[in-house]
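Undergrad: my questions are about this predicted structure, shown below with the sequence.
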Amino acid sequence: MKVVIIGGVAGGATAAARIRRLDERADIVVFERSGYVSYANCGLPYYIGGVIGDPEALTLQTPESFFSRFRVDMRVRHEVTSIHPDRKTVRVRNLDTGESFEEGYDKLILSPGARPTQPRLPGVGLGKVFTLRTVEDTFRIKEHIGAHHPKSAVLAGGGFIGLELAENLRQLGMAVTIVQRPRQLMNPFDPDMAAFIHNEVRRHGIKLALGRTVEGFEERGGGVDILLKDERPLHADMVVLAIGVTPDTALARDAGLKLGLKGSIVVNDRMETSVPDIYAVGDAVQVKHYVTGGDAVISLAGPANKQGRIAADNICGGDSRYLGSQGSSVIKVFGMTAASTGINEANAKKAGLAVDKVVLSPMSHAGYYPGGRVMTMKVLFEQGSFRLLGAQIVGCEGVDKRIDVLAAAIHAGVKATQLKDLDLAYAPPYSSAKDPVNMAGFMADNIAGGILKQWHLEDVPTLPQDGSVTLLDVRTAAEYSRGHLEGFQNIPVDELRDRLGELRPGRPVYVICQSGLRSYIACRILAGHGFDAYNFSGGFRFYDAVVNDRCLIERAAPCGMDQ
């Protein structure tokens, strides 16, 4: 059996190694148009910033090491220019010699990945306007910085690569601005959770130009003008386009394969395309979202590797199935970690789901053990069924652990109310006896039992200010004096039982505290005395962070940068 693989990075390299482990006699040929195979895309920004010092550390394998261990013919600098399913061949061009030839196959795997999205804008091809996707792109940026010592950079796009690169360029001492059309960084997060990411980025001197549309680039004064719609240009010594990626599927389209969202390749759960004996994996394919069941394109390394393994299993006579992508991800943002899994609240509503949520601010480990840091967690579930839909966490240590627990819970079909039952490891340096994931479960269970009734950030503008409801802040007087919501009276929770006479009976009470814990206790006290009480989800800390972020975005300077 001869297997030809187009693309030798995550999915393609994984498929090649798996096929060899299953079939010692298979003839395996991989064509990779770049000069590198099995390289770490996610590590590229860290090489530019000097965190990774050795360029060889970016490549997990070389063609030589791959052949030595797996006897796979890895041909770099070879570009497949066409596929001919009728005669089961591919046309290949050697990029070093210009030679063109045909290669036959019994089975074909497409793993072309995705290419940086390059809008058709004036000036995209300028020498100081870069993209970052391949090792060669990385070396090009690194060499430019070493040769020209730019003092400023504008990054168009605030996703994973854009944010990681912004951090690394900032660490090099450059003035960095991120500009993009969406009004938030990191679209997997809801705007309220992205506010914490924005705050961390601003805290380290990066300027944000959110909600701005880039219309082109022009050379000026040794640098680049970034032209913005209806605003004066930004200026920088260099620009990196990190707007996103687009499935690289021209080969598949020309070969007659069925395409789906964003031009991605349609596959079934065995990673088979619409054409017999042709499989596809990685960033170029359309998959089912594990939570919604809808079609999705999710460009992450974990799914690509799993899909490569599944395609290999099925080529070698197995029956492996891809269950869908969940979108679990994590990113370092200076001193912060931000992670998500499943779907966010905005996408849950777009999918027509009746979504509910809990927002909590637990410590990363036991409060009495030194070094604990507050994290913010948002856990989403379906109303009524309490099916887990997704989660987002921002904080410092322990974020990755909790998001992985929640990702596993979603995959296993654990309900939000059952999170309270998970038996999670505890020692004071690592967690609390009631882990944050358990705490989210306790809250969901209280909602299910009618013990906890909530109000949310989006309810603030519509709160009655006519006295028909009681608005109550149960923080200390000192906390209240440093900032509070308009119209809220202050009765500290520890004084509440003795001051119930100050509240009008028969009126709903909307309660807030700093994190949501004291206000929950206050709600239980009030309920015990016949009041209909509602707890603010997330607390004043959450409210303050989100509202301040929105204000900064709204009143951004005319040049498009908030301060």
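TA: All right, it came through fine. Since the model is a prediction, treat every value here as computed from it, not as a measurement.

Undergrad: switch to C-alpha atoms for all contacts and neighbour counts from now on
TA: Noted.

Undergrad: all helices of the stretch 1-150 of the chain, in order?
TA: According to DSSP state H, counting those that start in this stretch, the stretch 1-150 of the chain carries its helices in the segments 10-22, 44-48, 63-70, 135-148.

Undergrad: buried ones in the last one?
TA: For helix 135-148, the neighbour count (16 or more other CA atoms under 10 Å) marks 135, 138-142, 145 as buried.

Undergrad: stretch 321-331 now?
TA: 321-322, 324-331.

Undergrad: so which elements touch the helix or strand bottoming out on mean pLDDT in the chain?
TA: When each helix and strand of the chain is scored by mean pLDDT, DSSP states H and E, strand 114-116 comes last, with a mean of 83. In terms of contacts (3 or more CA pairs under 8 Å, 6 or more residues apart in numbering; DSSP states H and E), strand 114-116 is packed against strand 245-247.

Undergrad: re earlier: go through the buried residues of stretch 321-331 and say which is closest to Ile393.
TA: Checking the buried residues of stretch 321-331 against Ile393 with CA to CA, the nearest one is Val330 at 9.3 Å.

Undergrad: just give the nearest non-adjacent residue to the closest one, would you?
TA: Excluding its sequence neighbours, the residue lying closest to Val330 (CA to CA, 6 or more residues apart in numbering) is Ala339, at 4.1 Å.

Undergrad: correct me, but the one you found touches Ile403?
TA: Yes. Counting by CA atoms under 8 Å, Ile403 is a contact partner of Ala339 at 6.5 Å.

Undergrad: list residues touching both of these two?
TA: Residues touching both Ala339 and Ile403 (CA atoms under 8 Å, 6 or more residues apart in numbering): 392-393.

Undergrad: just to revisit the earlier point, Lys434 is nearest to which of the helices of the stretch 1-150 of the chain?
TA: Closest among the helices of the stretch 1-150 of the chain, once you apply CA to CA, is helix 44-48, at 35.8 Å.

Undergrad: rewinding a little: so how far is the least confident helix or strand of the chain off the chain centroid?
TA: Relative to its chain's centre, strand 114-116 lies at 17 Å (CA atoms, centre = their mean, to the nearest Å).

Undergrad: tell me where this structure has helices.
TA: 10-22, 44-48, 63-70, 135-148, 160-171, 191-203, 250-254, 301-315, 345-350, 399-412, 436-448, 477-481, 517-528, 539-554 (DSSP state H).

Undergrad: Serialize the ones you listed to TSV and add fields for distance to Pro362 and mean pLDDT.
TA: Listed next are these as TSV, based on distance: least, CA to CA, whole Å; pLDDT from 0 to 100:
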stretch	distance to Pro362	mean pLDDT
helix 10-22	36	95
helix 44-48	30	88
helix 63-70	46	90
helix 135-148	39	92
helix 160-171	26	94
helix 191-203	15	96
helix 250-254	48	96
helix 301-315	28	95
helix 345-350	21	95
helix 399-412	11	97
helix 436-448	6	97
helix 477-481	19	97
helix 517-528	10	97
helix 539-554	12	93
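
Undergrad: picking that back up, who's in contact with the residue nearest to Val330?
TA: 328-331, 392-394, 399-400, 403.

Undergrad: picking up where we left off before, closest to Val176 among the buried residues of helix 135-148?
TA: Closest to Val176, out of all of the buried residues of helix 135-148 and judged by CA to CA, is Ile145, at 13.7 Å.

Undergrad: wait, doesn't Asp225 sit right on Glu215?
TA: No. The criterion here is CA under 8 Å, and Asp225 misses it with Glu215 at 10.6 Å.

Undergrad: neighbour count: the two, which is higher?
TA: Asp225 (22 against 16; other CA atoms under 10 Å).

Undergrad: skipping its backbone neighbours, what lies nearest the more buried one in space?
TA: Nearest to Asp225 is His235, by CA to CA, 6+ apart, at 4.5 Å.

Undergrad: picking that back up, could you single out the nearest of the buried residues of stretch 321-331 to Met377?
TA: Val330 (13.7 Å).

Undergrad: so how far is Thr341 from that closest one?
TA: 9 Å (CA to CA, to the nearest Å).

Undergrad: can you count the residues close to Asp73?
TA: 18.

Undergrad: and if you look at Pro112?
TA: 30.

Undergrad: mind listing what it touches?
TA: 6-7, 248-249, 282-284.

Undergrad: which of those tops the neighbour count?
TA: Busiest of the contacts of Pro112 [other CA under 10 Å] is Gly282, holding 32 neighbours.

Undergrad: how far away is that one from Thr273?
TA: 13 Å.

Undergrad: now stretch 514-527, how far from the centre of its chain.
TA: The answer for stretch 514-527 is 33 Å, by CA atoms, centre = their mean.

Undergrad: quick revisit: inside strands: which ones of the contacts of Pro112?
TA: Ile6 (DSSP state E).

Undergrad: farthest-apart pair in the contacts of Pro112, please.
TA: It's Ile6 and Asp283 that sit farthest apart of these, by CA to CA, at 13.0 Å.

Undergrad: what do the two both touch?
TA: With CA under 8 Å, 6+ apart as the test, Ile6 and Asp283 both reach 111-112.

Undergrad: my guess is Asp473 meets Tyr480, correct?
TA: Yes. Using CA under 8 Å, Asp473 is in contact with Tyr480, at 7.5 Å.

Undergrad: so between these two, which is more surrounded?
TA: Asp473 (29 against 20).

Undergrad: tell me what that one is bridged to.
TA: Beta-bridge pairing of Asp473 under DSSP bridges involves Asn490, Ile512.

Undergrad: now it: how far from Leu452?
TA: From Asp473 over to Leu452 the distance is 17 Å, taken as CA to CA.

Undergrad: between the buried residues of stretch 321-331, which is closest to Gly12?
TA: Tyr322 (16.0 Å).

Undergrad: phi, psi of the closest residue to the closest one other than its chain neighbours?
TA: In space, not counting the residues next to it along the chain, Tyr322 is nearest to Asp269; the distance is 4.9 Å by CA to CA, 6+ apart. For Asp269, the backbone dihedrals (degrees, to the nearest 10) come out as phi -70, psi 0.

Undergrad: residues contacting Asp269?
TA: 321-324.

Undergrad: in CSV, list those residues along with distance to Glu32.
TA: Listed next are the contacts of Asp269 as CSV, based on distance: CA to CA, whole Å:
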residue, distance to Glu32
Arg321, 26
Tyr322, 25
Leu323, 28
Gly324, 26
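
Undergrad: and which of these is nearest to Ile298?
TA: Gly324 (10.0 Å).

Undergrad: OK, contacts around the closest one?
TA: Gly324 neighbours (CA under 8 Å, 6+ apart): 269, 287-290, 293.

Undergrad: from Ala440, how far off is Ala427?
TA: 19 Å.

Undergrad: please identify which of the two sits among more neighbours.
TA: Between Ala427 and Ala440, counting by other CA under 10 Å, Ala440 is the more crowded of the two (26 against 11).

Undergrad: verify the stated contact: the more buried one with Gln418.
TA: No. In this structure Ala440 lies outside contact range of Gln418 using CA under 8 Å: 9.6 Å.

Undergrad: figure out how far stretch 479-497 is from the centre of its chain.
TA: With CA atoms, centre = their mean, you get 36 Å for stretch 479-497.

Undergrad: typo on my end, stretch 28-41
TA: Taking CA atoms, centre = their mean, the mean C-alpha location of stretch 28-41 is offset from the chain mean by 25 Å.

Undergrad: and the end-to-end length of it?
TA: 24 Å.

Undergrad: go on, stretch 422-430?
TA: Terminal-residue distance, stretch 422-430 (CA to CA): 16 Å.

Undergrad: in it, what's buried?
TA: Tyr430.

Undergrad: how about residues contacting it?
TA: 364-366, 368-370, 398, 431-433, 435, 438.

Undergrad: make it 10 Å
TA: 364-372, 397-398, 401, 405, 409, 414, 431-435, 437-438, 441 (CA atoms under 10 Å, 6 or more residues apart in numbering).
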